[in-house]
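Novice: A structural model of the following input is requested.
(2 chains)
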Amino acid sequence: MIRLEQVTLTFHTKGGPLTVLDHASALFPRGKTTALIGPSGSGKTSCLQLIAGLLTPTSGNVCRETVSSGNVAHETAPTLSYLFQDLALLPWLTALQNVNLVLSDREETWDIAKEWLARVDLADAADRYPSELSGGMKQRVALARALSTEAELLLLDEPFRGLDDTLHERMRSLVASVRKEKTTILVSHDQNDLTIADHILRVEGGAIFEV
Amino acid sequence: MRFYQLRSTANAASPANVTLRLKNSTAGRWIERAFILIFWFTLWAIAASLVASPLLLPAPLAVLSRLWELFAAGAFWHATSLSFLRVIGGILLGISIGCLTAILTAGIPFLRALLKPMITTVKSTPVASFIILVNLWLDHGILPVFISFLMVFPVVWANVDQGLRAVDPAHLALAHVYRFPVARTVRRIYIPTVRPYFISACRSSLGLAWKAGIAAEVLVPSVISIGKHLYESKLYLETTDLFAWTLMVILFSLLLEALADVLLRRLFVAQPEQAAQKEVTL
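Specialist: The predicted structure follows:
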């Protein structure tokens, strides 16, 4: 279970302080899929970053399982997997190396990485660098990387962006098949993606509402 | 680029033809280089015959003949290897301390601000001023080492520091989320990002370090060195010797750069460059 308790998040920009979340609270049930929707710039990605421990709330708490603090506790093994909005693929690594990087970065997990690339229809692109892939292919490499780990918490920030309708549908089915045993939080602008969510939260005006 | 040319040509021709073209193009480059070398040596020979005074401008054949004589002499190799070792020592010291300082300044911005005036002063001060000044403080044998170090250190520091600050925050976020061990973060994120900055620093400072090291030996010619021989050539008006030693300095500079290129290529697998050279075909 993940809880945001009265979380305020303020960025200090050149134009002055910008409050993205203002005493917002939300609950993300364990083992369920939660979709985060809302207009652009409303704070959906910030919510994911707070949960991932990449941002610290200005005030309030982010509680993940038994861990409760402004910062998510640091453990030795990854407990979450994150598909970043900007993908964060390393340009000097091949598609296969990018996926394997989050597994062990050793040869012993190459087969798992290859299998995941095959599941996103990129078996033939394993040895290609990100600069040699189209936008949709990069998106699928990032998706394979996020889904390949056994982490309990899965954060997906616009996971199907840049995919055509057929691929979009297939990748959505893939996520639906994987999410069963995981706590999944999905950010999407596509209404069809909400069908795989158990419940939906809307982020708007600094608050988070149950839809 | 060659990779792309090979691929695009391969679409239109047989593999045998592609190989032949590649060989022809390599041979063509060597012929071009030989022509350029012969052109400038001929120009030098013409100028020498017009001047008609070996004291002012010796003929290229006389210089090459003198260089050959020097090659055969034990003193030549003694002086050259000592000069080479001193400069290499200074370069390695500059690279090591430059990298360590960059790691510190990338993490502590105040330290960067503190060191910047000193580094700017070092970069702007004429080498001769440093040689004369440092000659008062250090042993003559160490002086060329220190001067070579001074040529390399600021460049390596500035470039590596810039490279470390250019690390993509998204990649660091990835390392944080997936809890990469420090070694993996360094090997997979920091080193590949800093690599082009480091290589650029090495390439631009090595030649400079070699020339400055020799200049230090010329201005303080009390140790066995190439600089001492250059100084004596000037002192005894042995212009042919001066040219022969200068040619030697140029040859060793090229050797040093080639050696650095090989080492850098071996140290860092050039994956990003390979990727950039490949043509995207989607």
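Novice: give me the residue from chain A nearest chain B.
Specialist: Using CB to the nearest CB, residue A:129 is the residue of chain A that sits closest to chain B, at 3.7 Å. C-beta: built from backbone N, CA, C; applies to glycine.
Novice: Local confidence estimate at that residue?
Specialist: Note for residue A:129: predicted pLDDT of 96.
Novice: what's the answer for the one 3 residues further on, then?
Specialist: In the predicted model, residue A:132 carries a pLDDT score of 95.
Novice: That one and residue A:203, how far apart?
Specialist: Going from residue A:132 to residue A:203 by CB to CB, to the nearest Å gives 36 Å.
Novice: Neighbour count: the two, which is higher?
Specialist: residue A:203 (24 against 19; other CB atoms under 10 Å in any protein chain shown).
Novice: In which helix or strand does residue B:217 reside?
Specialist: Assigned by DSSP states H and E, residue B:217 belongs to helix B:191-219.
Novice: just how off-centre is that helix within its chain?
Specialist: 5 Å (CA atoms, centre = their mean, to the nearest Å).
Novice: what about it and chain A, any contact?
Specialist: Yes: applying CB under 8 Å from any CB of the partner chain, one finds helix B:191-219 touching chain A at residue B:192.
Novice: quick one: buried residues of that helix?
Specialist: Across helix B:191-219, burial judged by 16 or more other CB atoms under 10 Å in any protein chain shown covers B:192-199, B:201-202, B:205-206, B:208-219.
Novice: same question, stretch B:29-48
Specialist: The neighbour-count check on stretch B:29-48 (16+ other CB under 10 Å) flags B:44, B:48 as buried.
Novice: can you check stretch B:133-141 too?
Specialist: By 16+ other CB under 10 Å, the buried positions in stretch B:133-141 come out as B:134, B:135.
Novice: ok, how many other residues are close to the residue nearest to residue A:196 when sequence neighbours are not counted?
Specialist: In space, residue A:196 comes closest to residue A:176 once its chain neighbours are excluded; the distance is 4.5 Å by CB to CB, 6 or more residues apart in numbering or on different chains. Neighbour count of residue A:176, defined by other CB under 10 Å: 15.
Novice: Contacts for the host helix or strand of residue A:176, please.
Specialist: Per DSSP H and E, residue A:176 falls inside helix A:165-178. Contacts with helix A:165-178, where a contact means CB atoms under 8 Å, 6 or more residues apart in numbering or on different chains, come from A:119-121, A:136, A:140, A:143, A:147, A:154, A:156, A:159-160, A:163, A:184, A:186, A:190, A:192-193, A:196.
Novice: Just the buried residues of the residues you listed.
Specialist: The neighbour-count test (16+ other CB under 10 Å) applied to the contacts of helix A:165-178 identifies A:119-120, A:136, A:140, A:143, A:147, A:154, A:156, A:159-160, A:163, A:184, A:186, A:193, A:196 as buried.
Novice: Give me the subset of these lying in strands.
Specialist: Counting by DSSP state E, the members of these that fall within strands are A:154, A:156, A:184, A:186.
Novice: Could you measure from the third one over to residue B:230?
Specialist: As defined by CB to CB, residue A:184 lies at a distance of 73 Å from residue B:230.
Novice: any chance you could map the helices in chain B?
Specialist: B:2-12, B:15-51, B:60-72, B:74-107, B:109-124, B:127-137, B:143-165, B:169-177, B:182-185, B:191-219, B:226-235, B:239-267, B:271-277 (DSSP state H).
Novice: quick check: angle from the longest one to helix B:60-72?
Specialist: It refers to helix B:15-51. Helix B:15-51 runs at 110 degrees relative to helix B:60-72, counting by axes from the mean of the first three to the mean of the last three CA atoms, to 10 degrees.
Novice: quick revisit: what helices or strands is the helix holding residue B:217 leaning on?
Specialist: helix B:74-107, helix B:127-137, helix B:143-165, helix B:226-235, helix B:239-267, helix B:271-277 (3 or more CB pairs under 8 Å, 6 or more residues apart in numbering or on different chains; DSSP states H and E).
Novice: Which residues belonging to the longest one are considered buried?
Specialist: Burial within helix B:74-107, assessed by neighbour count using 16+ other CB under 10 Å, is assigned to B:76, B:79-80, B:82-84, B:86-91, B:93-95, B:98-99, B:101-103, B:105-106.
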